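> Got a predicted structure here, sequence first:
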Amino acid sequence: MAEAVPVRCPTCRRENTYSAPVFPCACGSPVTPPLNLAAPTAPLTRRSWSDSWVAVRCEACGRESEWPHPEVGCAACGTVVLIPVHPPGSGDPAPPAPGPAPEARGMWGMRGPRGDIRSEEPGAASGAGWSSFGADSAPGSAAPADPPAADPPVADPPAADPPAAEPPAADRAPFRPVTIRTGRDAVVTAALYLRWLGFRDVRRPDGPPTPSAAVDLRAPGVVAQVDPTTAPAGLRAVECVWLNGLTVSAASVYFSLAGYTTEARERADHLGIPLFVMDLTGMPQPVNDPADRLIASGA
């Protein structure tokens with residue numbers, strides 16, 4: 001990650017801290033979008049596919065590629081703020097002559113930015129599917145150690161030890177995001193993030209899908225809803241996920257790509273529902289105090 005910079009929300013005028021993500025160029029060099037902090041920020045009111053990407057030039061090879069447009073969720077009002085970026089060649093030194101880029105894989109198991117993917121499907125780097133997100137799909141999870149040698153069989157084997165407790169937030173490895181290109185990628189990212197927080201056996205519930213565009217995710221102790229649409233989540237959506245959690249005596253969590261309305265944010269604060277907003281880099285950001293507390297405490 002690049003150095004954190006302050007970004008002012010155009011709606012409530014509160015400053016939020018933002019670190020520009022680092023992407024892998026096809027040549028293997030890191031690429032960071034050049035933020036234009038002198039230009040005014042703008043709220044994201046409706047997400048479009050063409051406006052969600054920005055051209056960035058690699059300083060090492062001169063290659064121009066498209067990467068997710070930098071954005072940050074305001075921690076005060078929930079507005080998704082678009083951060084301006086310098087266009088390629090705007091006062092930058094002339095890049096070296098581009099040559100044939102070596103075949104190199106970047107992070108997340110992809111060969112480069114949008115348009116350079118050869119065979120992997122979006123979300124394949126996570127190893128997760130639609131119905132179940134097990135321990136093997138969690139980013140940063142280590143392979144289990146070899147089991148000890150078995151003792152000679154006995155008539156009454158001892159009871160199994162209880163599962164080890166999830167490490168506290170300070171001991172967790174950093175979350176490794178998956179670039180969001182489709183609604184399915186958003187659901188996979190939310191499932192992996194819940195797994196990173198410590199919730200086990202995250203999956204979609206059985207049965208017919210709900211008429212809503214949002215997608216349900218369930219795990220022992222949590223009910224989550226993922227809204228991959230381009231409209232901010234409203235009051236009714238937040239109340240529905242709270243009722244779903246209340247029915248099964250579980251915590252409720254909401255993930256949205258386009259942020260939340262003011263009424264939804266206020267009701268979530270009152271009910272204690274953690275709200276997260278996801279940008280196209282696949283990194284969920286907390287937008288209220290319950291979300292901050294969930295990150296600090298884990299499952």
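Noted; the coordinates are in hand.
> Could you give the number of residues near the residue nearest to M283 when sequence neighbours are not counted?
Spatial nearest neighbour of M283, excluding adjacent residues (C-beta to C-beta, 6 or more residues apart in numbering): P177 at 4.4 Å. Every C-beta, even on glycine, is put in place using the N, C-alpha and C of the backbone. Neighbours of P177 under the rule other C-beta atoms under 10 Å: 21.
> what residue ranges in the chain score low on pLDDT?
1-2, 49-50, 90-171, 206-214 (pLDDT under 70).
> longest helix of it?
helix 183-197 (DSSP state H).
> Just the buried residues of that helix, please?
Going by neighbour count (16 or more other C-beta atoms under 10 Å), the buried part of helix 183-197 is 184-197.
> Who are the packing partners of the next helix or strand after it?
Sequence-wise, the next helix or strand downstream of helix 183-197 (DSSP states H and E) is strand 202-203. Here strand 202-203 touches strand 132-133, helix 183-197, strand 215-219, going by 3 or more C-beta pairs under 8 Å, 6 or more residues apart in numbering; DSSP states H and E.
> would you say D269 is within a strand?
No: applying DSSP: H, G, I helix; E, B strand; the rest coil, one finds D269 to be helix, outside a strand.
> quick one: it and L257, what's the gap?
Per C-beta to C-beta, to the nearest Å, D269 is found 20 Å from L257.
> cool, and P34?
24 Å.
> Specify which residue of those two has the higher count of neighbours.
With neighbours defined as other C-beta under 10 Å, P34 and L257 compare such that L257 has more, 24 against 21.
> Next up, the contacts around the nearest residue to V7 once chain neighbours are set aside.
Distances taken as C-beta to C-beta, 6+ apart place Y18 nearest to V7, at 4.7 Å, with adjacent residues excluded. Y18 sits next to A4, V5, P6, V7, P70, V72, I83 when contact means C-beta atoms under 8 Å, 6 or more residues apart in numbering.
> R218 now?
V202, R203, R204, P205, A224.
> From the residues you listed, list the buried ones, please.
By 16+ other C-beta under 10 Å, those give V202, R203, R204, A224 as buried.
> could you dump these to a markdown table with distance to L217?
Shown next, in a markdown table, are the buried ones among the contacts of R218 (distance: C-beta to C-beta, whole Å):
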| residue | distance to L217 |
| --- | --- |
| V202 | 6 |
| R203 | 7 |
| R204 | 6 |
| A224 | 4 |
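> surely G298 meets R172?
Yes: the criterion here is C-beta atoms under 8 Å, and G298 meets it with R172 at 7.2 Å.
> partners of the residue nearest to V7 in the sheet?
V5 (DSSP bridges).
> where does A26 land in three-state SS?
Quick answer, by three-state DSSP: A26 is coil.
> Look up how far C12 lies from it.
40 Å.
> which residues of the protein fall in helices?
Using DSSP H, helices in the chain cover 183-197, 235-247, 262-271, 289-297.
> among the ones you listed, which is nearest P30?
Closest approach to P30 among those (C-beta to C-beta): helix 183-197, 21.4 Å.
> Just the angle for that closest one relative to strand 215-219, thanks.
20 degrees (axes from the mean of the first three to the mean of the last three C-alpha atoms, to 10 degrees).
> on contacts alone, who are the packing partners of helix 183-197?
By 3+ C-beta pairs under 8 Å, 6+ apart, helix 183-197 packs against strand 132-133, strand 202-203, strand 215-219, strand 222-227, strand 251-256, strand 275-278, strand 284-286.
> now that helix against helix 289-297, angle please.
Using the same axes, to 10 degrees: helix 183-197 against helix 289-297 is 50 degrees.
> so how far is G78 from A20?
21 Å.
> Nearest residue to R8 in space, ignoring adjacent ones along the chain?
Using C-beta to C-beta, 6+ apart, the nearest residue to R8 is E15, at 5.2 Å.
> Contacts only, for that neighbour.
Here E15 is in contact with P6, V7, R8, C9 (C-beta under 8 Å, 6+ apart).
> Show me these that map onto strands.
Mapping those onto strands (DSSP state E) picks out P6, V7, R8.
> Let me know the closest of those residues to P284.
Among those, V7 lies closest to P284 (C-beta to C-beta), at 17.4 Å.
> The closest one against V81, yeah?
Yes: if you go by C-beta under 8 Å, V7 and V81 touch, sitting 6.1 Å apart.
> which residues are common contacts for these two?
With C-beta under 8 Å, 6+ apart, V7 and V81 have common neighbours N16, T41, V72.
> count of residues packed around the first one?
With neighbours defined by other C-beta under 10 Å, the count for N16 comes to 21.
> Any chance of the ones in strands among the contacts of E15 in a markdown table with neighbour count and distance to T262 as columns?
Shown next, in a markdown table, are the ones in strands among the contacts of E15 (neighbours: other C-beta atoms under 10 Å; distance: C-beta to C-beta, whole Å):
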| residue | neighbour count | distance to T262 |
| --- | --- | --- |
| P6 | 10 | 23 |
| V7 | 21 | 20 |
| R8 | 15 | 18 |
